[in-house]
Each structure stands twice: as structure tokens, then as C-alpha cells.
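[1] below is the sequence, then the predicted model.
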Amino acid sequence: MIEVTDLTVRFGGVTSLDGMSVIFEPGTCGLIGPNGAGKTTFFNVLSGFVRPAGGSVRAFGEDLLAMVHYRRARWGVRRTFQTEQAIEELSVFDNVAMVHEHGKLGGASRRQDVLDAISFVGLGADPSARVQALSAGQRRLLEVARAVVGRPKLVLLDEPAAGLPDEETAHLSAVIRKIPEHTGALTILVDHDMSLVSACCETTAVLDFGKLIASGPTAEVLRDEHVIRAYLGTAEVI
Ligand SMILES: Nc1ncnc2c1ncn2[C@@H]1O[C@H](COP(=O)(O)OP(=O)(O)OP(=O)(O)O)[C@@H](O)[C@H]1O
Ligand SMILES: [Mg+2]
């Protein structure tokens, strides 16, 4: 369980998170909101890129913000970014292995973990293939493989389906739904594709201008008039 209390982030005059309080339960949770709502900023706080002005985050009983950022990866915080991070000139295997160097495992089990992650996402490419030979959809799956390798406790997916055609989004959706069971990690999915969020997430939280405006069962949240208004500017359109 991730317990966020009164989390506030400021960049100069901009308040990107404004007293955000919410609980994420085990499983896959959605986090949605219009552009600039603060979703990526929240991920940046969890992964240690951004230091908040105030508030707390307890992750499975631990004070996450008290943990130095490089320890968070070892502890089990993993994420994807809105821009792909894989290195084109390296192989699929090496790209996944490089995020799995922090553990205490020996070489053989680390190698097996890397192969398991590649197989879990159903990449459909040889682990020795270079990233530059992959399709756009395969690159997205590779980013997910990098986020699930090893023993993650918290997997943060930042718009993993953006720009993908429907068929590839459907495959990605099936992969995302299996992450909590396969890895044991609590997974938070940020995406603008509401059918993907509905398919993957039992519960969803909504940010608007850095404030939490709704959270609860996904179907209810998507019917909430504050949420509709935040997206469309009016509650009467849907
Ligand atoms: N490093 C930064 N410096 C200054 N302002 C920032 C920084 N990071 C985020 N912001 C601002 O904080 C607000 C929230 O941005 P954030 O990237 O978290 O939004 P988002 O919900 O992820 O949006 P999107 O759906 O477009 O990805 C925006 O106004 C943004 O300009
Ligand atoms: Mg973002």
C-alpha cells in the first residue's frame, strides 16, 4: 500500500502538486488527469528526481521520501518515462540488464531474471537483437521489461501506450494487467487512454492542477462530474 499525505511540489511560482493525499492499494491503480495536472511530477517524487516542499509518502510501511534516490531503485521502485530510455546501439538483453545491476544476486540468477522479464512482456524479438532493429511497439514493451525485471515493489508506468495502434495497445494492456500477479509489485498506470485505464485498473485517482479531485473504483471515478469537467471543461458533454 502506498499512502500519500499532503504532498506538495513547487517549481518557482508553479504548484505542481497541491496537498495531494491518496492511498494506492495493491494491484494496478490508475492515475489520470489533464496535461500538466502533476502526474509525472508525482512519479518524479516517488522515484527521487524531485524533492517535495512538504508531505509524506509511506510505501509498504517505509518512509519513501527519507530514502536516498539511488537506494529506492534497489528497494524496488521502477518506472518508465514518457520518452523511451533504452539505448539504441545496445541489445535488448543489455538494456534490461543495466537496470538490474543493483541487486545482490549472482550472475546466473540475474541473467535468468533478465530473460524472464523479456519473455514476460512478449517482446517477440531475440534478446540479442539491437534496440534499433525493434518496432515502436516492441520498444514500448522493452521499457516495460526494464520496469519489471527482478523484484520490483512499485512499478510506475508513465503513458506506456501513447501513440500505439489499437492492436499493440491491447497486447500492452494484457501485459500490464499481469504485472501485480507476476511480480507482486503495486503498479500505477498513468495514461490518457481511458479504455486502457478501465481495462487495467480497478481503482483510479485523478489529479487536476496538482489537486486530487477524485479516487475510487475506476468506473465510478470516470462518471464523476468533477472528473468529466476537468477533462472537458463541462459536465454536460458526456
Ligand atoms: N522541472 C520542472 N520545472 C518547472 N516546472 C515543472 C517541472 N516539472 C513539471 N513542471 C510543471 O508542473 C506541472 C505539472 O507537470 P507534469 O509534467 O507533472 O504534468 P502531467 O500531468 O504529467 O502532464 P502530461 O499529461 O502532459 O504528461 C506543469 O505545469 C509543468 O509545467
Ligand atoms: Mg506527464
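    Happy to help now that I have it. Ligands and ions are numbered 1, 2, ... in the order given.

[2] can you give me the neighbour number for Asp158?
    By other Cβ atoms under 10 Å, 22 other residues sit near Asp158. C-betas here are computed from N, CA, C, even on glycine.

[3] and the closest residue to ligand 2 within the chain, how many residues sit next to it?
    Taking Cβ to the ion, ligand 2 has its nearest neighbour within the chain at Thr40, 3.1 Å off. Using other Cβ under 10 Å, Thr40 has 20 other residues around it.

[4] let me see the backbone angles for the nearest residue to it once chain neighbours are set aside.
    Using Cβ to Cβ, 6 or more residues apart in numbering and skipping the chain neighbours, the partner closest in space to Thr40 is Asp158 (5.8 Å). Dihedral angles of Asp158 (phi, psi; degrees, to the nearest 10) stand at phi -100, psi 100.

[5] could you list every helix and strand that the one helix or strand Ile179 maps to packs against?
    Counting by DSSP states H and E, the element that carries Ile179 is helix 166-183. In terms of contacts (3 or more Cβ pairs under 8 Å, 6 or more residues apart in numbering; DSSP states H and E), helix 166-183 is packed against strand 28-32, helix 107-120, helix 136-148, strand 154-158, strand 186-190, helix 194-200.

[6] picking that back up, the residue nearest to Thr40 against Asn44, yeah?
    No - taking contacts as Cβ atoms under 8 Å, Asp158 lies outside contact range of Asn44: 9.5 Å.

[7] adding distance to Thr8 and mean pLDDT, write the helices and strands packed on helix 166-183 out as CSV.
    As requested, the helices and strands packed on helix 166-183 are exported to CSV (distance: least, Cβ to Cβ, whole Å; pLDDT from 0 to 100):
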stretch, distance to Thr8, mean pLDDT
strand 28-32, 17, 98
helix 107-120, 35, 92
helix 136-148, 27, 96
strand 154-158, 19, 98
strand 186-190, 19, 98
helix 194-200, 25, 96
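
[8] what's the separation between Ala108 and Val114?
    From Ala108 over to Val114 the distance is 11 Å, taken as Cβ to Cβ, to the nearest Å.

[9] same check on Ala162?
    From Ala162 across to Val114, the span is 26 Å (Cβ to Cβ).

[10] who has more neighbours, those two?
    Taking other Cβ under 10 Å, Ala162 and Val114 do not tie; Val114 has more neighbours (24 against 13).
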